[in-house]
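*Asks:* Predicted model follows, preceded by the sequence.
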Number of protein chains: 2
Amino acid sequence: MLSVEEARARILEHVAPLGTERVALDAAARRVLAADITSREPIPPFDNSAMDGYALRAEDISAASAESPVSLRLVGEVAAGAEQLPTLSEGEALRIFTGAPVPPSANTVIEQEAVSADDGQVTLVAPVRPGNHIRPKGEDITLGSVVLRRGSELGPAEIGVLATLGYAAVEVSRQPRVAILGTGDELVPPGEPLRPGQIRDSNAYYLAAAVRRAGGIPLALGIVGDDEPALRERLTQAADADLLLTSGGVSVGEHDLVKRVLSELGSIAFWRVRVRPGKPLAFGLLGSTPVLGLPGNPVSAAVTFELFGRPAICRMLGATSIERPLISARLTGATLHRTDRRQYLRCRLATAEGVLMAHPAGNQGSHITTSLVGASGLLIVYEGEGAVHDGDTVPVLLLNDGMPWGV
Amino acid sequence: MLSVEEARARILEHVAPLGTERVALDAAARRVLAADITSREPIPPFDNSAMDGYALRAEDISAASAESPVSLRLVGEVAAGAEQLPTLSEGEALRIFTGAPVPPSANTVIEQEAVSADDGQVTLVAPVRPGNHIRPKGEDITLGSVVLRRGSELGPAEIGVLATLGYAAVEVSRQPRVAILGTGDELVPPGEPLRPGQIRDSNAYYLAAAVRRAGGIPLALGIVGDDEPALRERLTQAADADLLLTSGGVSVGEHDLVKRVLSELGSIAFWRVRVRPGKPLAFGLLGSTPVLGLPGNPVSAAVTFELFGRPAICRMLGATSIERPLISARLTGATLHRTDRRQYLRCRLATAEGVLMAHPAGNQGSHITTSLVGASGLLIVYEGEGAVHDGDTVPVLLLNDGMPWGV
């Protein structure tokens, strides 16, 4: 039997980053950067005012006090977007608005609430330090600095930074096209009635949503049962894909046509991995397309997708981080026995006084689809002897993509 | 000045759930359920085998032991998807495969690894308890139970459960169309060169990505400066939208054409909210379209979108949870002084031995766009006196949507 790490390493050996493409910035959300982003300008591009107020020379009001206020002559104003900047001389001030460039002849800004302005004059009752309410050029981003790294996923913050830096389009990795095939004589699509002995194919739908969330584009190949010509034809359709995911048909059962046909058409290995849920797994190549054969049980398919499928997609995307974040939490409400297989338990996360608590879902059977609903993490019980007890620190893979998070 | 809660309550008074629409299941990911989902079948729909092995009657082998093994006659086999089920009599066993229905005449299953099978016989050396390796009908979902609630966001797990229950299409709430308008003479789109005094409009791009992530559909209205006819024309385009977001032009500055035109065309209130970043805020109606006027500083726009814009979108979606999850963490590496305004600080989260730690980003200036990159939470410092110290428990709004999470 292979360890999770051995199985993943063997898969990733055959998976390489795909090519890149240029997309408009407004279509770049959730894509992965294909090149470092270096600033071509400092941000802010010029010293500017953080307030609506007055720009002046700090040295002119260094002696101002409530007893002896200092008045400055108002000689103009600067609004945001102003291109021509007035020059200040001794004893002069400018009206200035938030975001407006601070002229080089001024060196500080005082907010309008702190002064009295009247009749072409502004009067101050206290000194102001140089640089007050000025956002210096380059304070956010210096010219030539690497602001975003290749392999970063683009969220709203990254998109905002790219806009700030003047990137109207950006080089991102191509999204992997992931073909998904359900196998099994017992499977029926969701819209059809069940005959005795049949169940609905939920894996294809789960996996399509999970592939999309991982950054891939799902291609639905449907369901095949014990029909060799149909199976061969569907597998042909997968030739254009960057990855083929199958579910079911990889166990030791004798009814696994899929296993036989895959072995004939490609180079496929069937593995037993020391993991629960999800022991049987297949991996290989069909032509040049990597094929990952996931177990048929819904929870096993979901967990093995997380452990092996999502990292393959992230690698194709050139993502810096190909795994879910691994955090630590305290086990709550359960004693978990170690076995010779690594266990991944669906859990809910909650915090109390800054301590992160992981509650495993009640029924961890690999057919309990409802245990995946609301799970915010996969609690890991490593192989070994003994048990993990209530209150012990446990590692958790964080499934942090917008789904409910217990509070 | 309004509190955050007062401002939010006034906004939500004018925001109602939108209508619903039916979408195919494979297009339903990230949508919000518009009705409870009740199971129309038990899941699993029938007792089935969890293993490849043999189905038998537990009472036939109750005396089996290594010293006196019991052999049963193999009288047939049942594969997954089988519609016709053989009947077992005393002393008989059936070959059975994973997922295959267990015939009513059998009451237990033994895995193939635990028996010897040969020449039409299967031999056991130990008794097996009734129900062994059988997944009972309805164990995952009982008939008629409410499985998913109206207002839930559909992730892969929910999509999988809907497929399992036979929903090929599902009723979801309509996605709000959110018009986004940047205002300011100083703003230039990312693709154009900067003249002196100009900056790029990043808010429109940030907000479009954030609106999409919140479940809305962004409509870009572009940028308007000091051009009244252009502004009136853009605002007309917003009439079809479910929400209009503007950024900039809501402060007390005299250069705020937007403020004046919005006030003329609609019923708009300009608020000062006790929050940092983000004090100035406008809200009202333009025709029947709610308008939310966000500040122009990028960080202020982002934070006020989280506090006021995202909840409005979630309310339109009929989502159960309209706010980000509020969790608790321990402040790390900072002392934070309370003021009369509530502070929301961008922070990174990390865990150590099950304790969740929040590190505020270094520069919390409202123009520091890079402080949003990699922020996994907004640390809240409530209004008041004194300070929050290193190690104190602090509330954090979790920005948990797939972006990096410190480890």
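*Replies:* Right, received. Where do you want to start? Fair warning: this is a prediction, and the values are worked out from it, not measured in the lab. Residues are numbered from 1 along each chain as shown, chains lettered A, B, ... in the order given.
*Asks:* So which residues of the stretch 301-407 of chain A form strands?
*Replies:* Assigned by DSSP state E, counting those that start in this stretch, the stretch 301-407 of chain A shows strands spanning A:326-331, A:336-337, A:342-352, A:355-360, A:377-381, A:387-388, A:393-398.
*Asks:* Mean neighbour count, mean pLDDT and distance to B:V122 added to the ones you listed, as CSV?
*Replies:* Any C-beta I mention is one placed from the backbone N, CA and C, and that applies to glycine too. Conversion of the strands of the stretch 301-407 of chain A to CSV gives the following (neighbours: other CB atoms under 10 Å in any protein chain shown; pLDDT from 0 to 100; distance: least, CB to CB, whole Å):
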stretch, mean neighbour count, mean pLDDT, distance to B:V122
strand A:326-331, 21, 94, 41
strand A:336-337, 15, 97, 30
strand A:342-352, 22, 94, 31
strand A:355-360, 23, 94, 36
strand A:377-381, 23, 96, 34
strand A:387-388, 16, 98, 35
strand A:393-398, 21, 95, 41
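*Asks:* So which of these is nearest B:D47?
*Replies:* Smallest distance to B:D47 across the strands of the stretch 301-407 of chain A (CB to CB): 23.6 Å, for strand A:342-352.
*Asks:* other SSEs contacting the closest one?
*Replies:* Helices and strands in packing contact with strand A:342-352 are listed as strand A:275-276, strand A:355-360, strand A:377-381, strand A:393-398, strand B:326-331; criterion 3 or more CB pairs under 8 Å, 6 or more residues apart in numbering or on different chains; DSSP states H and E.
*Asks:* the helices in the stretch 201-350 of chain A, which residues?
*Replies:* A:203-214, A:228-237, A:257-265, A:298-304, A:310-316 (DSSP state H, counting those that start in this stretch).
*Asks:* mean pLDDT for those: which is lowest?
*Replies:* Of all the helices of the stretch 201-350 of chain A, mean pLDDT reaches its minimum on helix A:257-265 (a mean of 83).
*Asks:* touching chain B at all, it?
*Replies:* No: against chain B, helix A:257-265 shows no contacts by CB under 8 Å from any CB of the partner chain, the least distance being 11.2 Å.
*Asks:* Please list the outside residues in contact with that helix.
*Replies:* Applying CB atoms under 8 Å, 6 or more residues apart in numbering or on different chains, the contact partners of helix A:257-265 are A:183, A:224, A:226-228, A:231-232, A:235, A:246, A:248-250, A:268, A:270, A:282, A:284, A:286, A:291, A:293.
*Asks:* Now restrict those residues to buried residues only.
*Replies:* Neighbour-count burial within the contacts of helix A:257-265 applies to A:183, A:224, A:231, A:235, A:246, A:248-250, A:268, A:270, A:282, A:284, A:286, A:291, A:293; the criterion is 16 or more other CB atoms under 10 Å in any protein chain shown.
*Asks:* In contact with the closest residue to A:E139 other than its chain neighbours, which residues?
*Replies:* With CB to CB, 6 or more residues apart in numbering or on different chains as the measure, A:P44 is the residue that lies nearest to A:E139, at 6.6 Å, once sequence neighbours are left out. Counting by CB under 8 Å, 6+ apart, A:P44 makes contact with A:135-140, B:199, B:367.
*Asks:* run the last query once more with 7 Å
*Replies:* Residues near A:P44 by CB atoms under 7 Å, 6 or more residues apart in numbering or on different chains: A:135, A:137, A:139-140, B:199, B:367.
*Asks:* Now render the strands of the stretch 301-407 of chain A as CSV, adding distance to A:L194.
*Replies:* Output for these, formatted as CSV (distance: least, CB to CB, whole Å):
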stretch, distance to A:L194
strand A:326-331, 39
strand A:336-337, 35
strand A:342-352, 26
strand A:355-360, 31
strand A:377-381, 30
strand A:387-388, 39
strand A:393-398, 34
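*Asks:* Tell me how many other residues crowd A:T320.
*Replies:* Neighbourhood size, A:T320 [other CB atoms under 10 Å in any protein chain shown]: 14.
*Asks:* From the buried ones among the contacts of helix A:257-265, pick the one nearest chain B.
*Replies:* A:G248 (8.3 Å; CB to the nearest CB).
*Asks:* hang on, the closest one packs against A:G293?
*Replies:* No: A:G248 is beyond contact range of A:G293, at 8.5 Å (criterion: CB atoms under 7 Å).
*Asks:* one step back: packed most tightly, which of the helices of the stretch 201-350 of chain A would that be?
*Replies:* Stretch with highest mean neighbour count among the helices of the stretch 201-350 of chain A: helix A:298-304 (a mean of 28; mean count of other CB atoms under 10 Å in any protein chain shown).
*Asks:* what stretches of chain A score poorly on pLDDT?
*Replies:* With pLDDT under 70 as the threshold, chain A has low-confidence stretches at A:250-256, A:400-407.
*Asks:* Which residues are in contact with A:G53?
*Replies:* A:96, A:109-112, A:133.
*Asks:* Tell me the residues of the stretch 1-150 of chain A that contact chain B?
*Replies:* A:25-26, A:29, A:41, A:44-46, A:52, A:79-83, A:97-99, A:101, A:135, A:140-141, A:147 (CB under 7 Å from any CB of the partner chain).
*Asks:* mind listing which of the residues you listed are in strands?
*Replies:* In strands, defined here by DSSP state E, the members of these are A:135, A:147.
*Asks:* now the most centrally placed residue in chain A, which residues is it bridged with?
*Replies:* For chain A, A:E153 is the residue whose C-alpha lies nearest the centre (CA atoms, centre = their mean; 5.5 Å). For A:E153, the beta-bridge partners under DSSP bridges are A:V32.
*Asks:* Among the residues of the stretch 1-150 of chain A next to chain B, the buried ones, what's the ChimeraX command?
*Replies:* Remark: buried members of those, expressed as a ChimeraX selection using 16+ other CB under 10 Å:
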select /A:25,26,29,41,44,45,46,52,79,80,81,82,97,98,99,101,135,140,141,147
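*Asks:* Show me the contact partners of stretch A:326-341.
*Replies:* Among residues not part of stretch A:326-341, those counted as contacts by CB under 7 Å, 6+ apart are A:274-276, A:349, A:355-360, A:381-398, B:351-354, B:407.
*Asks:* Apart from its chain neighbours, what residue comes closest to A:H133?
*Replies:* A:V109 (4.0 Å).
*Asks:* Pull up the pairing partners for the helix or strand where the one you found lies, direction included.
*Replies:* Assessed by DSSP states H and E, A:V109 sits inside strand A:108-111. With DSSP bridges as the criterion, the sheet partners recorded for strand A:108-111 are strand A:53-56 (antiparallel).
*Asks:* How far away from the center of its chain is the partner strand?
*Replies:* Shown here is strand A:53-56, whose average C-alpha point lies 43 Å from the average C-alpha point of the whole chain (CA atoms, centre = their mean, to the nearest Å).
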